[in-house]
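**Student:** attaching a predicted model along with its sequence, questions to come.
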Amino acid sequence: MAAASSGRDGTGGKVRNIAAMTSAVALLALPACKPVPPLKEYVYPAWNFAVSFRAPPRETDIPASADGKSNHGFVVESVLAGRDNLVNVIDGTGSTKSDDEVLSGTPKKLAGYVGGTLGPITYAASGTAMGREFMISRPDHPVTRVRIFVANKHLYEVISQTALGFDDPETVTFLDGFRLLKQPGS
C-alpha cells in the first residue's frame, strides 16, 4: 500500500499526475464556460409569426421591387456563439401558385440561390400548416437546416446555420421555437 501511494511502483505517481493535469485543464476551462442566455420570444403580428432567440435579433424590412420581380419581405436574424438563425418571410399575395407548388419548388430554388447542394426533404408542420424540412450543404460553409411553411399567402423560411454541426441541439431548439400566430382557416 505504501509503495502505491508514494508512486514507487511505477503507477501511483502517474495516476496522481494524470489526475492533477485533468483538474488543471478543468479549472482552465471554467472561464470559457459562459451561461447560455435564456430564450426570449419575439412576436411579429404584422407578419403572423413568433420565434425565440437567445440574442436580440436584427430586423430588416425588404420592400418589393418597383419592377415587380421581388416581393415584399421581412427578415429577422440572430447571431450568437457560432450560430446564425433567421426567419425570412416573403409576401406571396400576388402569386398564382398553390401552397403545394411553393413548398415543392422552394427547396431546390433556395439551394440554387446560395450555390448549395440540396439534402433529403422531409415533412414538417407548424400547428396545422404543413411544410418541409431539408438541409443545404456548401463547400467551406456549415450545413444549413431549413424549414419552410406557407400560410395565408406568405412563405416562411426558418433557417439555422451553425459551425457546431448538424446535430447541434440549439438548431432544433431554434427551429421548434418558430410558430404561426393565426392558423390557416382560423
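**Tutor:** Okay, I see it.
**Student:** hmm, Val143 is touching Thr117, no?
**Tutor:** No. Applying C-beta atoms under 8 Å, one finds Val143 not in contact with Thr117, separated by 10.1 Å. In short, each C-beta sits where N, CA and C put it, glycine included.
**Student:** what touches both of these two?
**Tutor:** Residues touching both Val143 and Thr117 by C-beta atoms under 8 Å, 6 or more residues apart in numbering: 136-137.
**Student:** which strand or helix spans the most centrally placed residue in the chain?
**Tutor:** Nearest to the geometric centre of the chain sits Ser160, at 2.4 Å (C-alpha atoms, centre = their mean). According to DSSP states H and E, Ser160 maps onto strand 154-162.
**Student:** quick check: angle from the next helix or strand after that strand to strand 154-162?
**Tutor:** Per DSSP H and E, strand 154-162 leads on to helix 169-176 as the next helix or strand towards the C-terminus. Between helix 169-176 and strand 154-162, the angle comes out at 170 degrees (axes from the mean of the first three to the mean of the last three C-alpha atoms, to 10 degrees).
**Student:** contacts for helix 169-176, please.
**Tutor:** By C-beta under 8 Å, 6+ apart, helix 169-176 touches 39, 51-54, 83, 85, 133, 145, 147, 158, 160, 162, 164.
**Student:** now do 10 Å
**Tutor:** 36, 39, 51-54, 78, 80-83, 85-87, 124, 126, 133, 143-147, 158-162, 164-165, 168 (C-beta atoms under 10 Å, 6 or more residues apart in numbering).
**Student:** likewise stretch 95-109?
**Tutor:** With C-beta under 10 Å, 6+ apart as the criterion, stretch 95-109 contacts 71, 90, 92, 113, 118-121, 123-124, 129-136, 146, 148-155, 157, 184.
**Student:** in strands only, show me these.
**Tutor:** Among the contacts of stretch 95-109, the members found in strands (DSSP state E) are 90, 118-121, 123-124, 129-136, 146, 148-151, 154-155, 157.
**Student:** ChimeraX command for the buried members of those?
**Tutor:** Burial among these is assessed by 16 or more other C-beta atoms under 10 Å; the matching ChimeraX selection reads:
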select :90,118,119,121,124,129,130,131,132,133,134,135,136,146,148,149,150,151,154,155,157
